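*Asks:* sequence first, then the predicted structure, then my questions.
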Amino acid sequence: MARKRTAVEVSPTTTTAKIGTPPTIDLMEEPLTPAEVLTRFKIPFKGEKDAARKIYGLTRKRAGRPPLPSHRIGKVLRFYWSEIRRWQQQVQNEKAASK
């Protein structure tokens with residue numbers, strides 16, 4: 001018997017999910033570590049701790065820009081590239097609108 005797939009919405013700021021709504025991320029997308037995110041942005045770092053420090057700073061709410069979307073899994077943060085790309089577009093649009 002085939003399993004029925006249920007749509008799940010994952011909030012970019014929390015790990016809670018709502019059943020029955022369209023997905024906001026691809027459920028087959030692999031979560032990224034802080035080092036993988038920095039590598040994709042071509043930001044240099046020295047080791048895993050340095051990568052975590054740089055990325056965790058971007059996930060905090062600061063005046064002037066929205067926080068980088070992340071998902072807490074246990075004690076660590078994981079990221080989805082599709083959400084990061086949307087965040088990047090949002091930040092660029094806000095900068096363009098403020099000029």
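*Replies:* Alright, I've got the coordinates.
*Asks:* just confirm Gln90 is within a helix.
*Replies:* Yes. Assignment of Gln90 by DSSP: H, G, I helix; E, B strand; the rest coil places it within a helix.
*Asks:* nearest spatial neighbour of it, skipping sequence neighbours?
*Replies:* Distances taken as C-beta to C-beta, 6 or more residues apart in numbering place Pro66 nearest to Gln90, at 6.3 Å, with adjacent residues excluded. Every C-beta, even on glycine, is put in place using the N, C-alpha and C of the backbone.
*Asks:* and that neighbour, how many neighbours does it have?
*Replies:* Residues near Pro66, counting by other C-beta atoms under 10 Å, number 13.
*Asks:* let me see the confidence value for it.
*Replies:* pLDDT, Pro66: 85.
*Asks:* check Thr14 too.
*Replies:* pLDDT, read off for Thr14, is 46.
*Asks:* ok so, going back, for the residue nearest to Gln90, which residues are in contact?
*Replies:* Counting by C-beta atoms under 8 Å, 6 or more residues apart in numbering, Pro66 touches 87, 90-91, 94.
*Asks:* which ones are touching Leu68?
*Replies:* By C-beta under 8 Å, 6+ apart, the residues touching Leu68 are 55, 58-59, 79, 84, 87.
*Asks:* what mean pLDDT does stretch 70-90 get?
*Replies:* On average, stretch 70-90 scores 90.
*Asks:* could you work out the end-to-end span of it for me?
*Replies:* Start-to-end span of stretch 70-90 (C-alpha to C-alpha, to the nearest Å) is 15 Å.
*Asks:* could you do stretch 69-80 as well?
*Replies:* 8 Å.
*Asks:* now do the buried residues in it.
*Replies:* 69-71, 77-80 (16 or more other C-beta atoms under 10 Å).
*Asks:* closest one of the contacts of Leu68 to Glu30?
*Replies:* Among these, Phe79 lies closest to Glu30 (C-beta to C-beta), at 10.2 Å.
*Asks:* just checking, the closest one touches Arg72?
*Replies:* No. Counting by C-beta atoms under 8 Å, Phe79 stays clear of Arg72, with 10.9 Å between them.
*Asks:* now do the helices in this structure.
*Replies:* Here the chain has its helices, by DSSP state H, at 34-41, 47-59, 81-98.
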